[in-house]
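In: quick one, structure for this:
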Amino acid sequence: MHASQATKSWLLKNRTNVMDWPTCSPDLNSMENLSSILARWANCNHRQFPTIYELKSTIIDAWEDIESDFLKHLMNSMLNRPLKWFPTLEGR
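Out: The predicted structure is shown next:
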């Protein structure tokens, strides 16, 4: 896990419990899910972009088309995911 020494020191000083987090765990990272959705939208029909500006514009359009309810659903779905990976958390 990557964490700054200052963060580790603060957590230790404040007796904050932390849990080990599996590396490369897209199931536990909502941004991985969202970036995958944006990439699929932008690459629809194997579209190629002649300029970085067109790619950026397409990604911005895709972002603006995402409904706020979808983002809420995505975030709410994240609440139960740690229980799948860390069964010892259940009942806390």
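In: quick one: low-confidence parts of this structure?
Out: By pLDDT under 70, the weakly predicted segments of the chain are 1-3, 19-28, 45, 80-92.
In: quick one, helices of it?
Out: For the chain, the helices defined by DSSP state H occupy 5-13, 30-42, 52-65, 68-78, 81-85.
In: test my guess that residue 78 contacts residue 30.
Out: Yes - here residue 78 reaches residue 30: they are 5.1 Å apart, a contact under C-beta atoms under 8 Å. Heads up, the C-betas are built off the backbone N, CA and C, glycines and all.
In: save the helices of the chain as CSV, and put in mean neighbour count too.
Out: Putting the helices of the chain into CSV (neighbours: other C-beta atoms under 10 Å) gives the following:
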stretch, mean neighbour count
helix 5-13, 10
helix 30-42, 14
helix 52-65, 12
helix 68-78, 11
helix 81-85, 13
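In: chain center to stretch 38-54: distance?
Out: Stretch 38-54 has its average C-alpha position 21 Å from the chain's average C-alpha position, going by C-alpha atoms, centre = their mean, to the nearest Å.
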